[in-house]
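Colleague: Below are the sequence and a predicted model; questions follow.
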Amino acid sequence: MKERLLLKSETVPIIPDHVRFEFNEVRKEWVLLAPERALYPDPIATEVLKKCDGKISIQLIGEDLAKKYKAPVEKIVEDITKMLQNLADKGFLKEC
Amino acid sequence: MLKKAKLQAPLAVLAELSHRCPLSCAYCSNPVELIQKNKELETKDWLRVIDEAADMGIYQIHFSGGEPTARKDLEEMVEHAHKRKLYTNLITSAVLLQRERLEKLKNLGLEHVQISFQDSESENANRIGNFKNGHEKKLEVAKWVRELGLPLTINAVMHRQNLHNLENMIKMAKDLDADRLEVANVQYYGWALKNRAAFMPTKDQLEKSMEIVEKARKDLKGILAIDYVLPDYYAKKPKSCMGGWGRQFLNIDPEGNVLPCHAAQTIKIFKFDNVKDRSLSWIWENSEPFNKFRGTDWMPSPCKTCDRREIDWGGCRCQALALTGDVGAVDPTCEFSPLHEKIFGSATEESGNEAPEFIYRLPSNKDVEPVKK
């Protein structure tokens, strides 16, 4: 029985096989390709998605970004969890 | 010039590989005159079109029909599209598919499967599609899709003769472990127009269906995504058909004509360009039918000054033609169309009458017209 994936800071997110996150050379843009959908992540979301490789948790992704942007970790983790939850609810992200 | 400079490549191409189909649904939206097998594009033409689409930066290719699996060279096309990094989607009735073939398609790069269902209840489903055991076969193929790890969309075609089963349809999609469910209200293009009175739902049915969808969306959040579009006859605002004419999407019919949407053959004033004569990018930029209703310059009043003009892009041209006789008229779905009330009235009236018998999509029924009650 499938259940809704609820992301927590320790969740290790990964983009599932049937969703492609890639740079389109013709259009010169990052795109998330899913069944009958194309989403265009903004530069921050692109950076987050590049880190959704099934190796690190949302907490660690947040810490990386907090260092880079000199921003509070809690706030960043909260923001990216929200963004990724939205993608998970559409089926564009899963737990590793 | 400015308009041309801003024109971006489309996001998706719908490749209608064949008009052949084992089902004979009375609501088929393909044209009354189908393209015969001997006129279908050859494999090499499709492979070249796939190259041209990838070179333009098109993201997705939907293999559709008719029934795309009626083409024996579907494998070659899927393989090539995948190599060219197009996201590949198979839109199928599923009744011709064998497990081995589906597995092969997956291994060649197929990324998503969409299966149409006529009802959740076998007897009614097979009556609507006019195909014995079709429903059972579809359930079987849907299971294979998930077993093979492919994502699945269920396309549930809804109307007055199956809307009472909407909750069961949602349950069926969930039980099949589908990722998405499209609750698609019948659109009255092509053959379907013959059967409008047999399919037009009542206002009560629609209100109830919206409640059911809203509830299911909440209950199944993160489990099953549900798309639902209110049918035009009961809407107040037109929908942004194809995301706007010539903005995001192109459609190639089985003989290679390139259309802004799959119903555009009904617009007889147009001469569509063909992929055998011109490249896809030339057609996208220069073909007369694409430029005719692209953007907002063509719009009649009150669309021209409406603040929704870049939201709905003037709605649906095929519908404007079918219901008003003028392809450039305000889409009568819009409450600001002078014909809106009249058309809404005819829909309510039809749905209040007893449903007539289906005129199935069969060659022998081509000249049969609905009986006026």
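Modeller: Happy to help now that I have it.
Colleague: got the contact list for the residue nearest the centre of chain B?
Modeller: Among the residues of chain B, the one closest to the centroid is B:H262, at 7.0 Å (CA atoms, centre = their mean). Applying CB atoms under 8 Å, 6 or more residues apart in numbering or on different chains, we find B:H262 in contact with B:14, B:16, B:29-30, B:251, B:253. Any C-beta I mention is one placed from the backbone N, CA and C, and that applies to glycine too.
Colleague: quick one: least confident helix or strand in chain A?
Modeller: Within chain A, no helix or strand scores below strand A:37-39, which has a mean of 91 by mean pLDDT, DSSP states H and E.
Colleague: helices or strands next to that one in the packing?
Modeller: strand A:29-34 (3 or more CB pairs under 8 Å, 6 or more residues apart in numbering or on different chains; DSSP states H and E).
Colleague: mind showing which ranges of the chain have poor pLDDT?
Modeller: Picking chain A for this. Across chain A, the ranges flagged by pLDDT under 70 are A:1.
Colleague: let's do chain B instead
Modeller: Checking chain B against pLDDT under 70 turns up B:1-6, B:371-373.
Colleague: List, one by one, the residues from it near chain A.
Modeller: Contacts of chain B with chain A, taken as CB under 8 Å from any CB of the partner chain, map to B:8-9, B:11-12, B:54-57, B:59-60, B:62, B:85, B:87, B:89, B:111-112, B:114, B:149-151, B:153, B:174, B:177, B:179-180, B:221-223, B:225.
Colleague: Which members of the residues you listed occur in strands, if any?
Modeller: B:12, B:60, B:62, B:87, B:89, B:112, B:114, B:153, B:180, B:225 (DSSP state E).
Colleague: Next, A:L6: phi, psi?
Modeller: The phi/psi pair for A:L6 (degrees, to the nearest 10) reads phi -100, psi 120.
Colleague: remind me, longest helix of chain A?
Modeller: helix A:73-89 (DSSP state H).
Colleague: Need the contact partners of it.
Modeller: By CB under 8 Å, 6+ apart, helix A:73-89 touches A:4-9, A:13, A:32, A:45, A:48, A:52, A:58-59, A:61-63, A:65-66, A:69, A:93-94, B:221-222, B:225.
Colleague: Could you give me the buried positions within it?
Modeller: A:76-77, A:80-81, A:83-85, A:87-89 (16 or more other CB atoms under 10 Å in any protein chain shown).
Colleague: Stretch B:104-115 too?
Modeller: Neighbour-count burial for stretch B:104-115 flags B:105-106, B:108-115 (criterion: 16+ other CB under 10 Å).
Colleague: before we move on, back to that, please pick the buried ones from the contacts of helix A:73-89.
Modeller: Using 16+ other CB under 10 Å, the buried ones in these are A:5, A:7, A:9, A:13, A:32, A:45, A:48, A:52, A:58-59, A:61-62, A:65-66, A:93-94, B:225.
Colleague: The residue nearest to B:G149 when sequence neighbours are not counted - how many residues pack around it?
Modeller: Distances taken as CB to CB, 6 or more residues apart in numbering or on different chains place A:D17 nearest to B:G149, at 7.1 Å, with adjacent residues excluded. A:D17 has 11 neighbours, counted by other CB atoms under 10 Å in any protein chain shown.
Colleague: In the stretch 151-300 of chain B, what residue comes closest to chain A?
Modeller: Of all residues in the stretch 151-300 of chain B, the one sitting closest to chain A is B:G222 (3.1 Å; CB to the nearest CB).
Colleague: List the contacts of that residue.
Modeller: A:3-6, A:88-89.
Colleague: how about 6 Å then?
Modeller: A:4, A:89 (CB atoms under 6 Å, 6 or more residues apart in numbering or on different chains).
Colleague: same thing with B:A53?
Modeller: Contacts of B:A53 (CB under 6 Å, 6+ apart): B:13, B:280.
Colleague: Against chain A, how distant is it?
Modeller: 10 Å (CB to the nearest CB, to the nearest Å).
Colleague: can you check B:L74 too?
Modeller: In terms of CB to the nearest CB, B:L74 sits 18 Å off from chain A.
Colleague: Nearest spatial neighbour of that residue, chain-adjacent residues omitted?
Modeller: Nearest one to B:L74, counting by CB to CB, 6+ apart, is B:P68 at 5.9 Å.
Colleague: Check A:L5 too.
Modeller: Using CB to CB, 6+ apart, the nearest residue to A:L5 is A:A88, at 4.9 Å.
Colleague: From A:Y40, how far out is the one you found?
Modeller: Distance, A:A88 to A:Y40, using CB to CB, to the nearest Å: 18 Å.
Colleague: Next to chain B in this structure, residues from chain A, please.
Modeller: A:2, A:4, A:18, A:24, A:26-27, A:33, A:35, A:38, A:89, A:91 (CB under 6 Å from any CB of the partner chain).
Colleague: Now with 7 Å, please.
Modeller: Applying CB under 7 Å from any CB of the partner chain, we find that chain A lies next to chain B at A:2-5, A:18, A:20, A:24, A:26-27, A:31, A:33, A:35-36, A:38, A:88-91.
Colleague: related to what we said a few turns ago, just the buried ones from the ones in strands among the residues of chain B next to chain A?
Modeller: Burial by neighbour count, 16+ other CB under 10 Å: within these this picks out B:12, B:60, B:62, B:87, B:89, B:112, B:114, B:153, B:180, B:225.
Colleague: can those residues go into CSV with extra columns for distance to B:L362?
Modeller: Listed next are those as CSV, based on distance: CB to CB, whole Å:
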residue, distance to B:L362
B:A12, 31
B:Q60, 33
B:H62, 26
B:Y87, 35
B:N89, 28
B:H112, 31
B:Q114, 25
B:T153, 28
B:R180, 31
B:A225, 35
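Colleague: for the residues you listed, which one is nearest B:R361?
Modeller: B:Q114 (19.8 Å; CB to CB).
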